[in-house]
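Participant: From the sequence below, what's the structure:
(one chain, ligands or ions: 1)
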Amino acid sequence: MTEELVGKFPCPLCGDGLPVKTTKRGKPYFVCERCGVQMFVRYPDGIRVLEGVLERLGKSLVSYLGKGPARTIAVVAITNRILQLKQTLEDMENHQGVFTRDEELDRAAEVAVREIKRLQAQLREFEKEGSGDAWTL
Ligand SMILES: [Zn+2]
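Facilitator: Reported below is the predicted structural model:
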């Protein structure tokens, strides 16, 4: 895999990086030439998730692609989860009062922050690991 990997997404079967293409209507899709898998992202929520994952992972996805589908899919799912948790944190902060803080929201935010750190540590572990058994997470 020598091509620019920004804008690539892992094939769910073989884990190869698939270039993100765009339909005439501007919807992203991928085609795996090896497996024949085609994926179309048709709805705004999915497109937003895809953009977030690609933007977040950017070139670091290079280190995951080709290590097998389980790992690359896990990386995408973990990255998306981190983005969701960060959005939740932002929402919680926006619901906090200016002069008084809701302690339950603060505790919930602490849980979210811990979860984000755990997931980030998991991503770092994936980066360190060699290709090994591609199906073992
Ligand atoms: Zn494939």
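
Participant: Next, the contact list for the residue of the chain most remote from its centre, please.
Facilitator: Relative to the mean C-alpha coordinate of the chain, counting by CA atoms, centre = their mean, the farthest residue is F99 (35.9 Å). Residues in contact with F99 (CB atoms under 8 Å, 6 or more residues apart in numbering): none are found. In this view, the C-beta of every residue, glycine as well, is placed from N, C-alpha and C.

Participant: Also C32?
Facilitator: Applying CB under 8 Å, 6+ apart, we find C32 in contact with C11, L13, C14, D16, L18, Q38.

Participant: Name only those of the residues you listed that count as buried.
Facilitator: By the neighbour-count criterion of 16 or more other CB atoms under 10 Å, the contacts of C32 include these buried positions: C11, C14, D16, L18.

Participant: Please narrow these to those residing in strands.
Facilitator: L18 (DSSP state E).

Participant: what stretches of the chain score poorly on pLDDT?
Facilitator: Under the criterion pLDDT under 70, the flagged ranges of the chain are 1-6, 58-69, 129-137.

Participant: Show me what from it comes close to the ion.
Facilitator: Residues of the chain lying close to the ion (CB under 5 Å from the ion) are C11, L13, C14, C32, R34, C35.
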